[in-house]
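>>> requesting a structural model of the entry that follows:
(one chain, ligands or ions: 1)
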Amino acid sequence: REQGLPPGPPTLPLLGNLHVFPQTKAYIKFTEWVRPYGDIYSLKIGSGTAVVISSSKRAKECFEQNGATTSDRPSLHVVEIVYKGLEMPLARYGPHWRNMRRAAHDLLNKEACLSHLPIQHAEASQLMYDLLQDPQNLYGHIRRYSASVTLSVVFGIHCPTYDNPTMVEFFECQRKWENILGPGGHPPVDVFPFLKYIPERWAAWKGLCREVRSRQRKYYFSLLRNCHERIKSDKRNNSFMEYLLENQKKYDFDEESCCYFGLSMMEGGADTTAMFLQFFVLCMLANPDVKKKAQQEIDKVIGQNRSPELEDLNDLPYVRAIINEVHRYRPGAPTSIPHAALADTMVGGYLIPKGSIIFMNLWGIGRDAELFEDPERFWPDRFMQSEYGTKHGADTTGCRETPFSFGGGRRICPGLNLANNSVAINVMNILWAFNIELPKDPRTGLPIPLDEDDTTDGILLTPKPFTCEITPRSAGKADIIKLQFDAARPVFDRFEQAR
Ligand code: HEM
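Sure, this is the predicted structure:
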């Protein structure tokens, strides 16, 4: 370990810390290492350096105050093969990323998101209806909701069912790509570049990369063709992609970059919101007292005769506390998407050398025992006691209103307004409308506990499919759900139905 670097575990010659670098669920080890090495430490990966940031104060210093030099992404060989620099979340810092960011801002800023609300409300009414009709498939209904909102807003296409071919192909492409990116999906070509030159017959990952690239292109170019056809036949439905195709010059885009911009929005937005809502349900199942308290609050403010509106959230402090606590307790990307240093940068008195990978350890930031009482416990009340959920007398200089689970600095999630609206509408709806209970053993009638930690491994923390017992809280509420789904049809009619 070179002089001036943050401290870290002892290294071996040539390997550095490769032998101890966690292969799975890295956020757990990254958080354990905070105790011996502090809120900024370094890991040597061969001759390269990775730095892990694990407190809000240090994150502010690193990603906001030093954002000019900490907003790159690491150069990853497989990403280069599959995306050639055109996909936003993994793109290197530079002019094309900046253009994508401008387009994302125009699509997703707070005001633009007001115009997406009718879609979110209509899709949320379908989610309620689906949960009423087919409660066993909660997991899939939530995923459909989240992907269909993004698909409608970006490409003007509504997906009515989870097993629709458009939805199935999207999730299949995602799954294959995440398998390549995830632990063991490809050899460490970025640490040992000679591995890139191994012929394909001994390197299956090369074929997989080609397959993913070609499937994704086929998929997204066909969505783009739909938008072109609507424009040509004057049947626009105001999707962002129609606007983008007609204003390519404004963002210095061509057809190819429009296509990958749409892909970026789907990759960033489709599964992340779903994961949040699935974790929310899991947290309610594991904490019935919290659920009860939230339902009491909702019943008092909203009553029985209407379903919640977005503005109701202002009058529901405990529901807001639950949302903040889910963000803290289950950040969707527990080590965020890794950043990289564009230049030598000083943080906390240590050197982060140019080219280092920088992990924003969101899991660890939410578990900072200096800030949070009993951080391993799901306890929304902490956010009722103080603005940031911190304990009395804690140093909150690094805390902020936007949950850390959206990352930070210049790469902070551009979809957070859309996500916040989806989260608020659906969390309130589910609590208002449904009893959510653990599934019961048909033989004994006893509840079967769910394993909250049963998640997939990769950049995203996704709960594995689960079921629960979900029933309407009253016949009146079931009627309101049906009426609202009927009333939403004109919104769906505006959009092309996925084929
Ligand atoms: C609860 C839901 C969501 C969570 C927890 C989440 C979380 C994140 C995180 C942690 C990052 C990385 C930030 C960083 O590098 O510091 C990110 C980036 C990104 N997110 Fe989200 N996200 C959510 C929803 C969305 C939605 C709805 C969209 C779009 C429709 C979206 C689009 C993106 C994009 C395009 C990036 C890449 C930004 C860049 O590299 O400049 N996300 N998100």
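
>>> just give me the neighbour total for the residue lying closest to Met284 once chain neighbours are set aside.
Spatial nearest neighbour of Met284, chain neighbours left out: Lys291 (4.3 Å); criterion: C-beta to C-beta, 6 or more residues apart in numbering. Where you see a C-beta, it was placed from the backbone N, CA and C, and this is true even at glycine. Neighbourhood size, Lys291 [other C-beta atoms under 10 Å]: 20.

>>> same deal with Pro74?
By other C-beta under 10 Å, 19 other residues sit near Pro74.

>>> so how far is Gln174 from it?
Remark: distance between Pro74 and Gln174 (C-beta to C-beta, to the nearest Å) = 21 Å.

>>> cool, Leu195 as well?
25 Å.

>>> tell me which stretches of the stretch 1-150 of the chain form strands.
For the stretch 1-150 of the chain, applying DSSP state E, counting those that start in this stretch gives strands covering 40-45, 48-53.

>>> now those in TSV, with mean neighbour count?
Formatted as TSV, these follow (neighbours: other C-beta atoms under 10 Å):
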stretch	mean neighbour count
strand 40-45	24
strand 48-53	25
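
>>> quick one, which of those strands gets closest to the ligand.
Nearest to the ligand among the strands of the stretch 1-150 of the chain is strand 48-53 (10.6 Å), distances taken as C-beta to the nearest ligand atom.

>>> just checking, what packs against that closest one?
strand 40-45, strand 357-360 (3 or more C-beta pairs under 8 Å, 6 or more residues apart in numbering; DSSP states H and E).

>>> about what we covered before: report the contact partners of the residue nearest to Met284.
Counting by C-beta atoms under 8 Å, 6 or more residues apart in numbering, Lys291 touches 284, 431, 436.

>>> what comes up buried for stretch 18-28?
18, 21, 25-27 (16 or more other C-beta atoms under 10 Å).

>>> let me know whether Glu370 touches Lys57 as I believe.
No: with contact defined as C-beta atoms under 8 Å, Glu370 does not reach Lys57; the gap is 9.1 Å.

>>> which of those two has more residues huddled nearby?
Counted by other C-beta under 10 Å, Glu370 and Lys57 do not tie: Lys57 has more neighbours, with 19 against 13.

>>> how about that one: what's its closest non-neighbour residue?
Setting aside the residues directly before and after it, Lys57 is nearest to Gly398 in space (C-beta to C-beta, 6+ apart), at 3.4 Å.

>>> my read: Pro353 touches Gln3, true?
No: in this structure, Pro353 is not within contact of Gln3 by C-beta under 8 Å, at 11.0 Å.

>>> compare these two (neighbour count), which wins?
Neighbours around Pro353 and Gln3, counted as other C-beta under 10 Å, are more numerous at Pro353. The numbers are 16 against 5.

>>> would you mind giving the strands of the stretch 1-150 of the chain as a markdown table with distance to the ligand added?
Shown next, in a markdown table, are these (distance: least, C-beta to the nearest ligand atom, whole Å):
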| stretch | distance to the ligand |
| --- | --- |
| strand 40-45 | 16 |
| strand 48-53 | 11 |
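
>>> what parts of this protein come near the ligand?
Contacts of the chain with the ligand, taken as C-beta under 6 Å from any ligand atom, map to 88-89, 101, 104, 150, 264-265, 268-269, 272-273, 276, 332-333, 336-337, 339, 360, 405-408, 411-415, 418-419.
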